[in-house]
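Engineer: coords below, sequence missing:
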């Protein structure tokens, strides 16, 4: 939340070709929402308590494989200046509609646009 508005943190892909959200595979021995928190720390340098209720899901293809991404809300408590992928990615906070416009993937854009109704303030 910033000035009463919900904001979304976007990060660049490693090759900085497009804006995305932090995501990654399930970590062995971790729940999906704990894995999401770990990815947010590694890729975006943010820490918080992940909501265990799924915000949405979408699929994408990479190197001939199809992956399903489950999205979880992470209210950010700490923004780190240094994090594991700080030299590989840029990050940017945007109001929900602005963030949706920056996302190329239509299914992710739709989830971000509708997230305002799902977020309990």
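Structural biologist: Everything's here; your move. Keep in mind that what you see is a predicted model, and the values were worked out from it rather than measured. Numbers count the residues shown, from 1 in each chain.

Engineer: mind listing the helices for this structure?
Structural biologist: Applying DSSP state H to the chain gives helices spanning 32-44, 96-102, 106-118.

Engineer: can you tell me which of these comes nearest to residue 85?
Structural biologist: Distance to residue 85, taken as Cβ to Cβ, is lowest for helix 32-44 among those, at 5.2 Å. Using the backbone N, CA and C atoms, a C-beta is placed for each residue, glycine as well.

Engineer: so which of the helices of the chain comes closest to residue 90?
Structural biologist: helix 32-44 (10.0 Å).

Engineer: which strands and helices sit next to the closest one?
Structural biologist: Judged by 3 or more Cβ pairs under 8 Å, 6 or more residues apart in numbering; DSSP states H and E, helix 32-44 is in contact with strand 7-12, strand 46-48, strand 65-72.

Engineer: now, of those, which is deepest in the fold?
Structural biologist: Mean neighbour count (mean count of other Cβ atoms under 10 Å) peaks for strand 7-12 among the helices and strands packed on helix 32-44, with a mean of 19.

Engineer: strands paired with that strand, and their directions?
Structural biologist: Paired strands of strand 7-12, with direction, are strand 19-20 (antiparallel), strand 91-95 (antiparallel) (DSSP bridges).

Engineer: how about the longest one: buried residues?
Structural biologist: Residues of strand 91-95 classed as buried under the neighbour-count rule (16 or more other Cβ atoms under 10 Å) are 91, 94.

Engineer: Mind listing residues that contact it?
Structural biologist: Outside strand 91-95, the residues within contact range by Cβ atoms under 8 Å, 6 or more residues apart in numbering are 2, 5-12, 19, 44-45, 102.
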